[in-house]
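1. What would the 3D arrangement of this be:
(2 chains)
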Amino acid sequence: GESVGLHLPTLSVQEGDNSIINCAYSNSASDYFIWYKQESGKGPQFIIDIRSNMDKRQGQRVTVLLNKTVKHLSLQIAATQPGDSAVYFCAERENAGNMLTFGGGTRLMVKP
Amino acid sequence: GAVVSQHPSWVICKSGTSVKIECRSLDFQATTMFWYRQFPKQSLMLMATSNEGSKATYEQGVEKDKFLINHASLTLSTLTVTSAHPEDSSFYICSALKVGAWEQFFGPGTRLTVL
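-> As a prediction, the model looks like this:
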């Protein structure tokens, strides 16, 4: 799906709490999804990915959930730390293609 | 492994001049590289797909004569912004697709400011 945000929604959490960032996509042909973290003035940094034949994947402190029925992707960050403060983007890739389509992004602010 | 660099990291130029931005995959070969543009508080927008040895594929609305892309080797793609105008000021980010991999590896971005 093409989702371009004109302004970024913000999620504010307390240090140590869990964070959940959501993303909706519209292209049912997408077969690969990625979450990126972008700090100010830097390029996107890969966090975790998931293929369409899975509905959950876990990494270190992060979990990605994929619900293909409602075309929804979420990123869960456990025990959020100040260093997690950044903008988070989901991206999708259409089957058999290589280009990524980015979602609008969510700014995560972690309060100490 | 899988490091992508961009040069310069930031550039300021006068209106009407041209600016070249380089994207290099340092430790892997990339037959495909992508160029994105990101305005403040917005998401990344794909500008073009660059394939080694062939012409780039531009997204709708991106002027190919203004944003010249050259992908002359498996480790280097360049983006030249010709006759730059203040509205071209943006954060330009490249990514490289590692041969045989699903993941795109992103560069650190180049901040272009046109006066």
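2. For A:Lys37, give the beta-bridge partners.
-> A:Gln45, A:Tyr88 (DSSP bridges).
3. and it, what is it in contact with?
-> A:Pro44, A:Gln45, A:Ile47, A:Asp84, A:Ala86, A:Val87, A:Tyr88 (CB atoms under 8 Å, 6 or more residues apart in numbering or on different chains). All C-beta atoms are positioned from the backbone trio N, CA, C, and that covers glycine.
4. Check A:Val64 too.
-> Applying CB under 8 Å, 6+ apart, the residues contacting A:Val64 are A:Phe33, A:Trp35, A:Ile48, A:Asp49, A:Ile50, A:Lys56, A:Arg57, A:Gln58, A:Leu73, A:Ser74, A:Leu75, A:Gln76.
5. okay if I get the contacts of A:Lys37 as JSON lines plus pLDDT?
-> JSON lines is the format used below for those (pLDDT from 0 to 100):
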{"residue": "A:Pro44", "pLDDT": "95"}
{"residue": "A:Gln45", "pLDDT": "94"}
{"residue": "A:Ile47", "pLDDT": "95"}
{"residue": "A:Asp84", "pLDDT": "97"}
{"residue": "A:Ala86", "pLDDT": "97"}
{"residue": "A:Val87", "pLDDT": "96"}
{"residue": "A:Tyr88", "pLDDT": "97"}
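6. quick one: which of those residues is nearest to chain B?
-> For the contacts of A:Lys37, the minimum distance to chain B (CB to the nearest CB) is 4.7 Å, reached by A:Pro44.
7. so the closest one makes contact with A:Cys90?
-> No. If you go by CB atoms under 8 Å, A:Pro44 and A:Cys90 don't touch, sitting 10.9 Å apart.
8. and for those two, which residues touch both?
-> A:Tyr36.
9. If you tally nearby residues, what's the number for A:Thr80?
-> 22 (other CB atoms under 10 Å in any protein chain shown).
10. isn't it right next to A:Leu11, touching?
-> No. The pair A:Thr80 / A:Leu11 is not scored as a contact, 9.6 Å apart, by CB under 8 Å.
11. buried ones in stretch A:67-81?
-> Of all the residues in stretch A:67-81, those buried under the rule 16 or more other CB atoms under 10 Å in any protein chain shown are A:Lys68, A:Lys71, A:Leu73, A:Ser74, A:Leu75, A:Gln76, A:Ile77, A:Thr80.
12. Now the phi/psi pair for the second one, please.
-> Backbone dihedrals for A:Lys71, given as degrees, to the nearest 10, come out at phi 50, psi 60.
13. Please report the distance of it from A:Asp49.
-> 17 Å (CB to CB, to the nearest Å).
14. again, but for the fifth one
-> When distances are taken as CB to CB, A:Leu75 and A:Asp49 turn out to be 11 Å apart.
15. Now chain A against chain B: closest residue?
-> For chain A, CB to the nearest CB, closest residue to chain B: A:Gly43, 4.1 Å.
16. How many residues are close by that residue?
-> 22.
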